[in-house]
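K.L.:
Please work out how this folds:
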Amino acid sequence: MPPVPARLGRPVLVDGKLVGYINFIASPGDERTSFWAWGRSSPSDFIQEVSFFLLQIALSVGVLGLIFGVLASRTLAAPLNRLAVAARAIGARNLDYRVPVQGSDEIREVAESFNKMAADLQSAESLRRNLLADVAHELRTPLTVLQGNLQAILDDVYPLDKSEVVRLHDQTRHLHRLVNDLHELAQAEAHQLLLHKQTVDPNSLAQAAVDFFGPVAEEKGVALRLEISGETPSIQSDRARLMQVMQNLLNNALRHTQSGGEIVVSVAIQPGGVEIAVQDTGEGILAEDLPHIFERFYRSGKARDRDNGGTGLGLAIVRALVEAHDGRVTVTSGGRSAGSRFVLYLPHNQEHSLLSNL
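P.N.:
Sure, this is the predicted structure:
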């Protein structure tokens, strides 16, 4: 680059307007003369202009970056704000509230998880309300009978004889069963049910249950028999609780099997466990009732259990006790008058676990 002249040189005018400067610089010992021309200002001014231009660009980029940052932060914060609003709505018992599933994959996953949580809470609240309504109804019926009969005795409508006392005693027994069943079911569902596990032979368990209900089945005219496929491995379980499960299933089968019908209890080996089935030729279960058959107080056809002396909790207790043993229970039926089949699956290699927080 040539040396910068100390002075601006001679101005160059075009149509009376200054367009730049020209200067003549002669190098020592050189006959040639150099001519240099530049714009309106000196090179230092040019550098200042370039610097100012770059500063303007930097400021513009900074402002644009700030605007983009604000917009991006609002875009990212909007889903979180929606979740915060939804959380406050759920906290205010508005369990119908849902957040829109949109945005990035991560935001969509969070929204879907939140909506699932809200749906689970709504389902649990619905079950709680139904439970309270059912308990109130179940308690009201025997209490109303007791109150009415006692009032009739006080008004000398009924004589105070032994038969009337027996009827009142039956109502108190029903109340006692209902309260005990509710307490037991609540313990099982809260994983606070104490299990005294020991080695249990499934064949012996099934045989004991069949022997216990044999006289009842014979009196009703129902054939009750046991089918065993051979030696079965022992299981670690609470024998008394499993006997309660078998009694509930057989009692349910006898209640819904008419005279001349048949109930078959079978024991078979399955991969990793033992299967105990109770199959009857009774009333059967409608397809729409099958998913709800193990719910507390649920009555197939709106008429089960209440008119037959049950509490409506037997099958719910069956499921709770079986699951407490890390097993499962299922039911199948061909529909009305086609009978039903309840199947228990109990793993035989269970680790000792005590479902109690005591």
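
K.L.:
what about the helix or strand hosting Val329, distance to the chain center?
P.N.:
Using DSSP states H and E, Val329 maps to strand 328-333. How far strand 328-333 lies from its chain's middle: 21 Å, per Cα atoms, centre = their mean, to the nearest Å.

K.L.:
partners of that strand in the sheet?
P.N.:
strand 340-347 (antiparallel) (DSSP bridges).

K.L.:
The stretch 201-350 of the chain: strands as residue ranges?
P.N.:
Listed in chain order, the strands of the stretch 201-350 of the chain (DSSP state E, counting those that start in this stretch) span 223-228, 235-237, 262-270, 273-280, 328-333, 340-347.

K.L.:
Of the ones you listed, which is nearest Leu13?
P.N.:
Judged by Cβ to Cβ, the one of the strands of the stretch 201-350 of the chain that comes nearest to Leu13 is strand 328-333, at 101.8 Å. To be clear about C-beta, it is placed using only N, CA and C from the backbone, and glycine gets the same treatment.

K.L.:
if we can go back for a sec, and the strand holding Val329 with strand 273-280, angle?
P.N.:
Put simply, strand 328-333 runs at 30 degrees to strand 273-280, going by axes from the mean of the first three to the mean of the last three Cα atoms, to 10 degrees.

K.L.:
So for strand 328-333, what gets flagged as buried?
P.N.:
The neighbour-count check on strand 328-333 (16 or more other Cβ atoms under 10 Å) flags Val329, Val331, Ser333 as buried.

K.L.:
cool, stretch 218-227 as well?
P.N.:
Residues of stretch 218-227 classed as buried under the neighbour-count rule (16+ other Cβ under 10 Å) are Lys220, Val222, Leu224, Leu226.

K.L.:
likewise stretch 261-270?
P.N.:
Neighbour counts over stretch 261-270 (16+ other Cβ under 10 Å) mark Gly261, Glu262, Ile263, Val264, Val265, Ser266, Val267 as buried.

K.L.:
got TSV for these, with pLDDT and distance to Ala277 too?
P.N.:
TSV is the format used below for those (pLDDT from 0 to 100; distance: Cβ to Cβ, whole Å):
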residue	pLDDT	distance to Ala277
Gly261	93	16
Glu262	95	13
Ile263	94	11
Val264	95	8
Val265	95	7
Ser266	95	5
Val267	94	8
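
K.L.:
and which of the residues you listed is nearest Pro347?
P.N.:
Val267 (14.8 Å).

K.L.:
what is the closest one paired to in the beta sheet?
P.N.:
Beta-bridge partners, per DSSP bridges, of Val267: Ile228, Ile276.

K.L.:
Now do the same contact list for it.
P.N.:
Contact partners of Val267, counting by Cβ atoms under 8 Å, 6 or more residues apart in numbering, are Pro202, Asn203, Ala206, Leu226, Glu227, Ile228, Ser229, Thr232, Val274, Glu275, Ile276.

K.L.:
And for Leu250?
P.N.:
By Cβ under 8 Å, 6+ apart, Leu250 lies in contact with Ala209, Val210, Phe212, Phe213, Leu224, Ile263, Val265, Val278.

K.L.:
from those, which is closest to Ala338?
P.N.:
Looking across the contacts of Leu250 and measuring by Cβ to Cβ, the closest to Ala338 is Ile263, at 14.5 Å.

K.L.:
Assess the claim that that closest one and Gly221 are in contact.
P.N.:
No. Shown here, Ile263 and Gly221 do not form a contact pair, counting by Cβ atoms under 8 Å, at 11.7 Å.

K.L.:
Look up how far Ala118 lies from His292.
P.N.:
Separation of His292 from Ala118 (Cβ to Cβ, to the nearest Å) stands at 22 Å.

K.L.:
One more: Leu226?
P.N.:
For Leu226 relative to Ala118 (Cβ to Cβ), the value is 48 Å.

K.L.:
Just put the buried residues of strand 328-333 in a markdown table and tack on pLDDT.
P.N.:
Compiled in a markdown table, those are given as follows (pLDDT from 0 to 100):
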| residue | pLDDT |
| --- | --- |
| Val329 | 94 |
| Val331 | 94 |
| Ser333 | 91 |
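
K.L.:
CSV please, covering these and showing distance to Gln236.
P.N.:
Converted to CSV, these look like this (distance: Cβ to Cβ, whole Å):
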residue, distance to Gln236
Val329, 18
Val331, 25
Ser333, 31
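
K.L.:
Tell me which stretches of this structure form helices.
P.N.:
In the chain, the segments counted as helices under DSSP state H are 43-91, 105-154, 162-189, 202-220, 239-255, 314-324.

K.L.:
Identify the residues contacting Asp156.
P.N.:
Asp156 makes contact with no residue, according to Cβ under 8 Å, 6+ apart.

K.L.:
Now it: phi and psi?
P.N.:
phi 60, psi 20 (degrees, to the nearest 10).

K.L.:
Looking at the helices of the chain, which is nearest to Arg341?
P.N.:
Going by Cβ to Cβ, the one of those nearest Arg341 is helix 239-255, 9.8 Å.

K.L.:
Fine, thanks again, bye for now.
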